[in-house]
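K.L.:
predicted model and sequence follow; I will ask about them next.
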Amino acid sequence: MITPKNIIRHELIGLPVKVRESSNKDCVGLTGKIVDETKNILVIRSKGRDKKIQKKESTFIFTLRGKKVAVNGNLLIARPEDRVKKKVRRW
């Protein structure tokens, strides 16, 4: 089960997300749903268009059962299939 404590070890596709901080200032405040993920990029569908956001130097706010969870994008850098196997120290 996905919780705020183990979110970085789970599949992110389908989760609602908001970009809180980014090195690209045009992306700050972008909200939508994650539709794809690569090692370095999250693809967010917002208003019918897909936007590619770099994980590095970004902060994302995910919504889980009404709770908002802020995650540093640097913790998400990895191929999705490798990230779910990775052991992570408490963040």
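P.N.:
Sure, I can see it. Numbering: from 1, shown residues only.
K.L.:
how about the contacts made by the spatially most central residue of the chain?
P.N.:
By Cα atoms, centre = their mean, the chain has its centre lying nearest to residue 60, at 5.4 Å. When contacts are counted by Cβ atoms under 8 Å, 6 or more residues apart in numbering, residue 60 touches 17, 18, 19, 20, 42, 70, 71, 73, 76. C-betas here are computed from N, CA, C, even on glycine.
K.L.:
at 7 Å instead, please
P.N.:
17, 19, 20, 71, 73 (Cβ atoms under 7 Å, 6 or more residues apart in numbering).
K.L.:
and the next element down the chain from the helix or strand harbouring it?
P.N.:
For residue 60, the element it lies in under DSSP states H and E is strand 59-64. Next along the chain after strand 59-64, taking DSSP H and E as the criterion, comes strand 67-72.
K.L.:
next, the angle from that next one to strand 59-64.
P.N.:
Put simply, strand 67-72 runs at 150 degrees to strand 59-64, going by axes from the mean of the first three to the mean of the last three Cα atoms, to 10 degrees.
K.L.:
can I get strand 67-72 as PDB, trimmed to CA atoms?
P.N.:
C-alpha atoms of strand 67-72 as PDB (Å, rounded to 0.1, in the frame of the first residue of the first chain):
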ATOM      1  CA  LYS A  67      -2.900  14.200   2.200                       C
ATOM      2  CA  LYS A  68      -0.200  16.200   0.400                       C
ATOM      3  CA  VAL A  69       3.300  14.800   0.400                       C
ATOM      4  CA  ALA A  70       6.300  16.900  -0.800                       C
ATOM      5  CA  VAL A  71       9.100  14.900  -2.400                       C
ATOM      6  CA  ASN A  72      12.500  16.100  -3.600                       C
END
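K.L.:
ok, it: who's next to it in the sheet?
P.N.:
Sheet pairing for strand 67-72, assigned by DSSP bridges, gives strand 59-64 (antiparallel).
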